[in-house]
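Asks: Provide a 3D model corresponding to the input given below.
(chains A and B)
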Amino acid sequence: MKKVFFTLCGLVMFLGAKAQVRVGFENNSQWYVDDKKIKIDEFEAEDRFRTNSYLKADYDWKNWSFGAQLEGYEPKAILNYSPEYKGFDIGAIYARYNNRELGLDVTAGHFYDQFGSGLLFRAWEDRQIGINNAILGLNVKYNLLDHINLTVLGGKQRIGMGFDLSDSYVFGGNAEVDVAEFFKFEEFGLQAGLSYLGKVEKDKDYIEEMNQNLSKMQHAFSGRVGFDYKNFFGEIEYVYKGKDALVESGVKGNTKQDGNALLFNGGYAAKGTSFSFNLRRLENMAFYSDRVLTANVYNRGVLNYVPALTKQYDYSLQNIYVYQAQYLLSTFETQEKIGEIGGQFDFYHNFEKGSTFGGKYGTNVVINGSYWAGLKPELVEYEDERQIVKTGFLDFGDKYYHDFGVEVRKKWSNNWSSIFMYLNQSYNQKALESLFETIKTNIVSAEATYQFMGDKSVRLEAQHLWTKEDKKNWMAGTLEFAYNANWSVFVSDMYNYGNDIEIEDEEGNITKNRIHYYNIGASFTKGTTRVSASYGRQRGGLLCVGGICRYVSEAAGLTFGITTSF
Amino acid sequence: MKAFYAFILLFVFSGAAAQQKDLPSVTLTDLDGKKIDFASFAKEEKPVIVSFWATWCGPCLKELAAIHDVYDEWQKETGVKLIAVSIDDAKSVKRVKPLVNGKGWDYTVLLDTNHDLKRAMNVVNVPFTAVIYKGKVVYKHTSYTPGVEKELIKQVKAAMK
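Replies: Presented below is the predicted three-dimensional model:
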């Protein structure tokens, strides 16, 4: 490790002196402090101070690039990150040759890539969610006759630190053709794509014992077509995933089932008014580089990207009940599932300056909604090599979720602007989290920003959530003051004041289980450097970014972060 | 812990040595599905502002809306062009085109769905803006609070002098 480190130091210094070096650094630290209401797990409490650090450096020289990402989780990774992230090690390292004239782009080492929308394959990094599913191997891209793009790739997937790899090999190919450009259609656009991903799993003990007929090889394909004509656009994608064993408290090799997905996007986009919708049907779409990792809580070994197709909201109370895409096959008696079906829509309109609703500065309105249901599963006789759960193409089962939102943005004067938002949700907690009930919420959020003396501003945000279920009514607020372009401070709180569930504390007093999740913090920004610190409480539950969620436990303490790049 | 300090040390070393000025060669897609090489903006005679954003990023929408209000003025004065690079991935990328149109923005919008440019320019969080003049990155800034856009146009004018 030391040798590698000093070699890298030397390399960075040597190359840095010559020319184009790009560096990015990020550090997130937590110091957990127990308070009256929140205490972290006793075992975890042995390390109360934890840091996640990422240093990435890339060097460009003519058609070549070389780069590495070093990661440090010292003394331990922040709570709820995969325990596989530990110590200090290489997270990714690569060499790339990119020649535009030849249309050739070759990467050896760790790479991130995706086919189509990612339903078939996506290797990506999201530090906030703790995902790094890079493939270590070879990625070759070739551009043919300007309008045909080909990709061939293969390797092993990262499931811990950079060289902790999945036992399997994955390989695949992708072809994309800009049909309209190729045939010189001028009136409309037409693109098509075809992809393949294969996986070979290593022989394992469990295969010999009880799963004699378990195949090592698994194939998956996808195809897609996109078009646009004047202001209209649309795209359709179909994915087929070959048969694999049911994984449910262990690998069940005798029962095999395939999976598929169908996605349709469409809309109309004109200046001032736009509309779009997505429809999607998923059936048994869990796809892991090692089948034993199926449904693990850290998203290790995920080969595809199946985000919930719902809008990602800004305000804290809107993010308590967040939908997660349901793509797992489950035969547990109370939780029979095979997939999901549903859709979402968005409507955007801008009332022009000077119109009745527009006023002096214009008014911006967004309306969105979604509806998701399970596919109705039907258990079939348990036989060798047989499909075990069936469903029809449009068999809507239990409703999982819906939301409906209206957002209005308005600038009142040079100093004042505001955002108003209403959201209505229905969240089937029984189906989604194996809990008790369906939660129906109404949420109102409003914020006003007052800007003065050039770069100073005050922002006040107030929210209220009404529900008769779960933790009942909540209210929340944030006050933020930006002193100038560099300094800003905030204070926020969210409080489930309506909770009437009674609990007994350590002294034996009975109180209602209500809690303030308060936070106070400051940040300093200069150029690309940002330093932030805050103290307060973090609500436990699902933290979702980009449609992928991770569970975070309730915690209190000091949070410190730094990011920079040059 | 030792390794951690070594890590910081490497960071300082590389910081002292590093200076990224040229544009990385990364292929992005425009809203009509056409591929565009980011490095080709190096050939622009007029200044270019690159703004990394996402449909789900509140401060990004505020920044782009604030610039939209003064964009005509900026263009008349400096000829500056704004390239809005969306880092939305498959979850929300289909929102980009209707959102940009619905808001009536006149920016050149590019999609970085696989985060190739985001990685190449070491963008950790959005919003992230950069000013490019005659092929060189002359200014970079992360995060947005109201009024920050004034600094941006100041930097554009300073670069042109």
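
Asks: quote the end-to-end distance of stretch B:43-56.
Replies: 31 Å (CA to CA, to the nearest Å).

Asks: now that stretch: buried residues?
Replies: B:44, B:47-56 (16 or more other CB atoms under 10 Å in any protein chain shown). For the C-beta atoms, the positions are set from N, CA and C on the backbone; glycine is no exception.

Asks: swap in stretch A:94-114?
Replies: So for stretch A:94-114, counting by 16+ other CB under 10 Å, buried means A:94, A:96, A:98, A:103, A:105, A:107-114.

Asks: what does stretch B:134-146 give?
Replies: For stretch B:134-146, by 16+ other CB under 10 Å, it's B:137-146.

Asks: mind checking which of those residues are in strands?
Replies: Among the buried residues of stretch B:134-146, the members falling in strands (DSSP state E) are B:137-142.

Asks: residue ranges for the strands of the stretch 201-350 of chain A, please.
Replies: For the stretch 201-350 of chain A, strands defined by DSSP state E, counting those that start in this stretch occupy the ranges A:217-229, A:232-247, A:251-270, A:273-283, A:339-351.

Asks: tabulate those in JSON lines, adding columns for distance to A:F452.
Replies: JSON lines is the format used below for the strands of the stretch 201-350 of chain A (distance: least, CB to CB, whole Å):
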{"stretch": "strand A:217-229", "distance to A:F452": "44"}
{"stretch": "strand A:232-247", "distance to A:F452": "42"}
{"stretch": "strand A:251-270", "distance to A:F452": "36"}
{"stretch": "strand A:273-283", "distance to A:F452": "34"}
{"stretch": "strand A:339-351", "distance to A:F452": "26"}
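
Asks: between those, which gets nearest to chain B?
Replies: Taking CB to the nearest CB, strand A:339-351 is the member of the strands of the stretch 201-350 of chain A nearest to chain B, at 2.3 Å.

Asks: just the angle between the closest one and strand A:273-283, please?
Replies: 170 degrees (axes from the mean of the first three to the mean of the last three CA atoms, to 10 degrees).

Asks: for chain B, name the helix or strand with the lowest mean pLDDT.
Replies: helix B:2-17 (a mean of 57; mean pLDDT, DSSP states H and E).

Asks: excluding chain neighbours, what is closest to the residue in the stretch 351-500 of chain A that chain B sits nearest to?
Replies: At 3.3 Å from chain B, A:D455 is the closest residue in the stretch 351-500 of chain A, using CB to the nearest CB. In this structure, A:D455 finds its nearest non-sequential neighbour in B:G147, 3.3 Å apart by CB to CB, 6 or more residues apart in numbering or on different chains.

Asks: for A:V408, same thing?
Replies: A:F420 (4.8 Å).

Asks: what mean pLDDT does the helix or strand containing that neighbour have?
Replies: In the assignment (DSSP states H and E), A:F420 maps to strand A:416-428. For strand A:416-428, the mean pLDDT works out to 96.

Asks: quick check: buried residues in the next helix or strand after that strand?
Replies: Using DSSP H and E, the helix or strand that follows strand A:416-428 in sequence is helix A:429-433. For helix A:429-433, the neighbour count (16+ other CB under 10 Å) marks A:429-432 as buried.

Asks: roughly how far is helix A:429-433 from the heart of the chain?
Replies: From the chain centre to the centre of helix A:429-433 is a distance of 20 Å (CA atoms, centre = their mean, to the nearest Å).

Asks: assumed B:D69 was part of a helix.
Replies: Yes. Using DSSP: H, G, I helix; E, B strand; the rest coil, the assignment for B:D69 is a helix.

Asks: what's the next secondary structure element after the host helix or strand of A:D58?
Replies: Element membership of A:D58 [criterion: DSSP H and E] is strand A:49-61. As assigned by DSSP H and E, the chain's next helix or strand after strand A:49-61 is strand A:64-73.

Asks: tell me the mean pLDDT for that next one?
Replies: Here the average pLDDT along strand A:64-73 is 94.

Asks: that strand close to chain B?
Replies: Yes. Shown here: strand A:64-73 in contact with chain B (CB under 8 Å from any CB of the partner chain) through A:70, A:72.

Asks: which regions of chain B sit below the pLDDT cut-off?
Replies: B:1-20 (pLDDT under 70).

Asks: do the same with the stretch 51-200 of chain A
Replies: Ranges of the stretch 51-200 of chain A meeting pLDDT under 70: none found.

Asks: what residue in it comes nearest to chain B?
Replies: A:F88 (3.5 Å).

Asks: so which elements touch the one helix or strand that residue maps to?
Replies: Element membership of A:F88, judged by DSSP H and E, is strand A:87-99. Packing partners of strand A:87-99 (3 or more CB pairs under 8 Å, 6 or more residues apart in numbering or on different chains; DSSP states H and E): strand A:64-73, strand A:104-111, helix B:2-17.

Asks: now, the most widely separated pair of the buried residues of stretch A:94-114?
Replies: A:G103 and A:H110 (23.1 Å; CB to CB).

Asks: so of the buried residues of stretch B:43-56, which ones are in strands?
Replies: B:48-53.

Asks: B:L31 and B:V100 touch, don't they?
Replies: Yes. B:L31 lies in contact with B:V100 (CB atoms under 8 Å); the separation is 7.2 Å.

Asks: give me the common contacts of these two.
Replies: Listed as contacting both B:L31 and B:V100 by CB atoms under 8 Å, 6 or more residues apart in numbering or on different chains are B:V109.

Asks: okay, the two: which has more neighbours?
Replies: It is B:V100, of B:L31 and B:V100, that has more neighbours when counted by other CB atoms under 10 Å in any protein chain shown, with 22 against 17.

Asks: that one is in what secondary structure piece?
Replies: Going by DSSP H and E, B:V100 is in helix B:96-102.

Asks: run the chain-centre distance for that helix.
Replies: With CA atoms, centre = their mean, you get 18 Å for helix B:96-102.

Asks: over to stretch A:510-524?
Replies: The answer for stretch A:510-524 is 26 Å, by CA atoms, centre = their mean.

Asks: that stretch: end-to-end distance?
Replies: OK, stretch A:510-524 end separation, CA to CA: 43 Å.

Asks: list the contacts of that stretch.
Replies: Residues contacting stretch A:510-524 (CB under 8 Å, 6+ apart): A:37-38, A:471, A:486-497, A:499-505, A:530-539, A:559, B:143.

Asks: again, only using 7 Å
Replies: A:37, A:486-497, A:499-505, A:530-537, A:539 (CB atoms under 7 Å, 6 or more residues apart in numbering or on different chains).

Asks: can you flag which of those belong to strands?
Replies: Those of the contacts of stretch A:510-524 lying in strands (DSSP E): A:487-495, A:502-504, A:530-537.

Asks: returning to what we had before: buried ones in the helix or strand following the least confident helix or strand of chain B?
Replies: Counting by DSSP H and E, the next helix or strand C-terminal to helix B:2-17 is strand B:27-30. Buried residues in strand B:27-30, counted by 16+ other CB under 10 Å: B:27-29.

Asks: do stretch A:39-50 as well
Replies: Buried-residue list, stretch A:39-50, by 16+ other CB under 10 Å: A:40, A:48, A:50.

Asks: how far off centre is that stretch?
Replies: Counting by CA atoms, centre = their mean, stretch A:39-50 comes out at 27 Å from the chain centroid.
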